[in-house]
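Participant: No letters, just coordinates:
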């Protein structure tokens, strides 16, 4: 099992705790607002907004809250002009980090991201130094009792590229443009989707073979993920199940 898939599962579990704190709601609302600002408020004509809308609904964000976010994005209601900014860097052990943010103050966010990295054994890299090690993909997580043959038939027929059994969780990978079609096909087939999102999947991974480095990497990624402006953190670590368990994840 590769590092990015494990991190997707870790983030999914972490999402439950984020939801309790209200942090997940705030993050999703911001993503909906920005998607509407960039591509308009029509779900059918704006696939990014449709993905973010469904992501918010999956997390039980109230419908009226989502609709207000869309209206702020389209200018029907007053809102903050959040801008997407990405940062590239390294965690301990040479693990590559690709950090996606939405901010209304680029200087503040840059300073705080740089500080988090430098204080926790990481470093900020020049633009382009890390991005080439990742590619944009759709990732769908399916949990519970699922008929493997039916899942593969439905997902692959709808355009899925890969299906992996991660032990209690199925991870389905799609091209970015096929995410919504595969998600819709699974819903129509009665398959319960845990999450569906656009993410950055590493093309190569960095093995982390000792517990102390694994703890340092996971701590830094967690601190970055907890930053208010950070929307997603992508890392290319490959940590064994044994070390992950020893590291307390």
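Facilitator: Looks like it came in fine. These numbers were taken from a predicted model, which means no experiment stands behind them. Numbering: from 1, shown residues only.
Participant: Spell out which residues make up each domain of the chain.
Facilitator: Residue ranges for the domains of the chain, per automatic domain parsing: 3-74, 83-132+205-246, 134-202.
Participant: Next, the buried residues of stretch 215-223.
Facilitator: Going by neighbour count (16 or more other C-beta atoms under 10 Å), the buried part of stretch 215-223 is 215-218, 220-221, 223. All C-beta spots, glycine's among them, are computed from the backbone N, C-alpha and C.
Participant: hang on, the earlier thing: let me have the domains of the chain in CSV, extended by mean pLDDT.
Facilitator: Putting the domains of the chain into CSV (pLDDT from 0 to 100) gives the following:
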stretch, mean pLDDT
domain 3-74, 82
domain 83-132+205-246, 93
domain 134-202, 91
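Participant: Which of the buried residues of stretch 215-223 sits closest to residue 156?
Facilitator: The nearest member of those to residue 156, counting by C-beta to C-beta, is residue 221 at 31.4 Å.
Participant: right, and the closest one touches residue 233 too?
Facilitator: Yes: counting by C-beta atoms under 8 Å, residue 221 touches residue 233, with 5.3 Å between them.
Participant: Mutual contacts of those two, please.
Facilitator: Residues touching both residue 221 and residue 233 (C-beta atoms under 8 Å, 6 or more residues apart in numbering) are residue 97.
Participant: So residue 233 belongs to a strand, correct?
Facilitator: Yes: Residue 233: assigned to a strand according to DSSP: H, G, I helix; E, B strand; the rest coil.
Participant: Against residue 88, how distant is it?
Facilitator: Applying C-beta to C-beta, to the nearest Å, the value for residue 233 to residue 88 is 11 Å.
Participant: When these two are compared, which one has more neighbours?
Facilitator: Shown here are residue 233 and residue 88; by other C-beta atoms under 10 Å, residue 233 has more neighbours (23 against 19).
Participant: Name whatever forms a beta bridge with the more buried one.
Facilitator: When assigned by DSSP bridges, residue 233 has beta-bridge partners residue 99.
Participant: In helices only, show me the buried residues of stretch 215-223.
Facilitator: Residues of the buried residues of stretch 215-223 located in helices (DSSP state H): 215-218, 220-221, 223.
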